[in-house]
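K.L.:
test case, fold it:
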Amino acid sequence: MLKLAKLPDRTPVKLAITITPDLAHALSDYVTIYNRTYGDKAEVADLVPAMLDSFLASDRAFAKARRDMEAGT
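P.N.:
Just a heads-up that it's a prediction; the model follows:
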């Protein structure tokens, strides 16, 4: 057996959301600062998945509840 396990499904899933004007403005500002900081040309849609991933990964209560849910408790 190979040392590397079979990769999980990495097919992107498109998600459409509606946000408030204030959040849209904040995200636009974030992208501007991000691009200035890293010399990049990212768009909001490029950063939002990483932001959500980071948020979920840092939420300990969510991680515990998810483990409990998967364990059936």
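
K.L.:
helix, strand or coil: sort out Ala42 for me.
P.N.:
Three-state assignment for Ala42 (DSSP: H, G, I helix; E, B strand; the rest coil): coil.

K.L.:
my read: it touches Asn35, true?
P.N.:
Yes. Counting by Cβ atoms under 8 Å, Asn35 is a contact partner of Ala42 at 5.9 Å. No exception for glycine: its C-beta is placed from N, CA and C like everyone else's.

K.L.:
got the contact list for Ile69?
P.N.:
Not quite, residue 69 is Met, not Ile. Listed by Cβ atoms under 8 Å, 6 or more residues apart in numbering, the contact set of Met69 is empty.

K.L.:
model confidence over the one helix or strand it maps to, on average?
P.N.:
With secondary structure defined by DSSP states H and E, Met69 is part of helix 60-71. Taken as a whole, helix 60-71 has an average pLDDT of 95.

K.L.:
quick one: buried residues of that helix?
P.N.:
For helix 60-71, the neighbour count (16 or more other Cβ atoms under 10 Å) marks no residue as buried.

K.L.:
sweet, I'm off.
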